[in-house]
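Asker: my questions concern the predicted model and sequence given below.
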Amino acid sequence: MGGEGGGRGSKMAAGGRGACFPALLVAWVVCLAQVSAVDVHTPTELSVENGTEAKLPCTFASSEVVSSAASVTWSFQAEGSTTPVAFFYYSNGRAYPGRRFEDRSSWAGDLNKKDASIKIANMQFQDKGTYTCDVKNPPDIVGTPGEINVRVVERGPQGSSETAFLPHPVIFPARFHSPVNNSMLDHLSKLPRKNSCTSNGSSCLSTPSEICIYTPQNHITAAINQVAIIPVEIDATKPNWDFIEVHWHHTKGTNNDFILKYGLRTCSKIKPGQKWWESHCHQFLEVLPAHRWKVSLMMNAWLIIWNVQQNDAGRYQVTVKSNNMKDACSFMELSVTTEHEGSRNPVYYT
């Protein structure tokens, strides 16, 4: 009898343990379900001038109200290194810079506005590498940190953002640190333009598109051995696009006229007054190998041609593609002339 009772007791004990396991599993799953993800947004690439201040933008989305427990950690992984090193921590209104950028890094964000940006002064060539922004907003502690591939480029004449040769293509900001060059960009944006949606003969395609491309009405004239910037304005009328691709061609009538492809994917919704390229997106730039030492791009899709030569003259075609709008296409002409003696301007226009 005792042995039988012991057997029943053993079975009950085993059954009790078996009944307890699902309860623990459910509690574990419920606990995980209460942890939400923080969605961190950073640009994919950023190019800054040597010796200037860089702002590393980082924003985030969280389902929770931002509290005093929220924190931001910035890490840096130098080119050639395999290990990222944390160098900046921010929490509860206080910044804690690490040793590497201790005297040069500063807080530039506002957690109440879900902005976790920082600034680094006096950028040097050895500061190039991958910068990572990681945001925690308990209980939202899970998420993928944002990564920025930062390139430090040589300062050109008059403090410009250009360098005659680049080891690889980079995406430049739409504004420069130099007032001289910003004045030049302002001049470019005010040139007489034609609209691919309304101007006769300004579109490469016969099918109308919701995307309108504005290009210079007259030839752009650049001096040989200088830098040319070809402006273009893209008006994407639908705010709910998911991706945009911009293709640049130098139309020579050959099969190898393709130059580059610039893309923005998994973008946030455009806010009122925001440009299409100011949305938080994953950016990429693919340049044909033959042009990698020759061309680059600005965030607003303006084409940059370094060390202009006579064979760079001709027609340039820009094509814009999107997921929910028909393709758009337009073109412009570039003329190349002999450099004026004593001229210091990187490019001039007719």
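Answerer: Arrived safely.

Asker: so where's the chain shaky on pLDDT?
Answerer: 1-36, 154-170, 174-182, 242, 253-256, 339-350 (pLDDT under 70).

Asker: now do the domain split for it, please.
Answerer: Following automatic domain parsing, the chain resolves into domains at 39-153, 157-337.

Asker: just how off-centre is the shortest one within its chain?
Answerer: Looking back up the chat, that one is domain 39-153. How far domain 39-153 lies from its chain's middle: 14 Å, per CA atoms, centre = their mean, to the nearest Å.

Asker: now mean neighbour count too, for the domains of the chain, in TSV please.
Answerer: (Each C-beta comes from the backbone N, C-alpha and C, glycine too.) What follows is those, written out as TSV (neighbours: other CB atoms under 10 Å):
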stretch	mean neighbour count
domain 39-153	17
domain 157-337	17
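
Asker: hey, what's Trp107 bridged with?
Answerer: Beta-bridge pairing of Trp107 under DSSP bridges involves Ile118.

Asker: for the closest residue to Arg104 other than its chain neighbours, phi and psi?
Answerer: Nearest non-adjacent residue to Arg104, counting by CB to CB, 6 or more residues apart in numbering: Ala121, 4.4 Å away. For Ala121, the backbone dihedrals (degrees, to the nearest 10) come out as phi -90, psi 160.

Asker: list the residues that contact Ala121.
Answerer: Glu53, Arg104, Ser105, Ser106 (CB atoms under 8 Å, 6 or more residues apart in numbering).

Asker: try Phe172
Answerer: Phe172 makes contacts with Ser47, Ser161, Ser296, Leu297, Met298, Met299, Ile304, as judged by CB under 8 Å, 6+ apart.

Asker: can I assume the fifth one is in contact with Ile171?
Answerer: In other words, Met298. Yes - taking CB atoms under 8 Å as the definition, Met298 is a contact partner of Ile171 at 7.2 Å.

Asker: name the residues linked to the closest residue to Cys197 other than its chain neighbours by a beta bridge.
Answerer: Using CB to CB, 6+ apart and skipping residues adjacent in sequence, the residue nearest Cys197 is Cys212, 4.0 Å away. Counting by DSSP bridges, Cys212 is bridged to Asp235.

Asker: next: Lys136.
Answerer: Beta bridges link Lys136 to Ser71 when assigned by DSSP bridges.

Asker: helices of the stretch 51-200 of the chain, residue ranges please.
Answerer: All helices of the stretch 51-200 of the chain, identified by DSSP state H, counting those that start in this stretch, fall at 179-189.

Asker: how about Cys58, nearest residue that isn't a chain neighbour?
Answerer: Here the residue nearest Cys58, using CB to CB, 6+ apart, is Cys133, at 3.7 Å.

Asker: contacting residues for the one you found?
Answerer: Remark: with contacts taken as CB under 8 Å, 6+ apart, Cys133 is in contact with Val40, Thr42, Leu56, Cys58, Val72, Thr73, Trp74, Ala116, Pro145, Gly146, Glu147, Ile148.

Asker: go on, His282?
Answerer: So His282 contacts Thr44, Leu264, Arg265, Thr266, Cys267 (CB under 8 Å, 6+ apart).

Asker: can you pull the phi/psi pair for the first one?
Answerer: I take that to be Thr44. Thr44 adopts backbone torsions of phi -70, psi -40, taken as degrees, to the nearest 10.

Asker: please apply the same query to the second one.
Answerer: The phi and psi torsions at Leu264 (degrees, to the nearest 10) take the values phi -130, psi 130.

Asker: now it. Nearest residue, chain neighbours left out?
Answerer: That would be Cys281: by CB to CB, 6+ apart, it lies 3.9 Å from Leu264.

Asker: distance of Pro216 from Asn300?
Answerer: According to CB to CB, to the nearest Å, Pro216 stands 15 Å off from Asn300.

Asker: circling back to that earlier point, quick one: which of the contacts of Cys133 sit in strands?
Answerer: Those of the contacts of Cys133 mapping onto strands are Val40, Leu56, Val72, Thr73, Trp74, Gly146, Glu147, Ile148, per DSSP state E.

Asker: the contacts of His282 into a markdown table, with extra columns for distance to Ala222?
Answerer: Below are the contacts of His282 laid out as a markdown table (distance: CB to CB, whole Å):
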| residue | distance to Ala222 |
| --- | --- |
| Thr44 | 29 |
| Leu264 | 27 |
| Arg265 | 32 |
| Thr266 | 36 |
| Cys267 | 32 |
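
Asker: for stretch 229-240, C-alpha coordinates in PDB please.
Answerer: What follows is stretch 229-240, C-alpha atoms only, in PDB (Å, rounded to 0.1, in the frame of the first residue of the first chain):
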ATOM      1  CA  ILE A 229      27.600  70.800 -60.300                       C
ATOM      2  CA  ILE A 230      24.500  70.000 -62.300                       C
ATOM      3  CA  PRO A 231      21.400  71.000 -60.400                       C
ATOM      4  CA  VAL A 232      18.000  69.200 -60.600                       C
ATOM      5  CA  GLU A 233      14.900  69.500 -58.600                       C
ATOM      6  CA  ILE A 234      12.600  66.500 -58.200                       C
ATOM      7  CA  ASP A 235       9.000  67.100 -57.100                       C
ATOM      8  CA  ALA A 236       7.400  63.800 -55.900                       C
ATOM      9  CA  THR A 237       3.800  64.800 -55.600                       C
ATOM     10  CA  LYS A 238       2.700  61.700 -53.600                       C
ATOM     11  CA  PRO A 239       3.800  61.700 -50.000                       C
ATOM     12  CA  ASN A 240       3.400  58.000 -49.400                       C
END
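
Asker: thanks again, I'm all set now.
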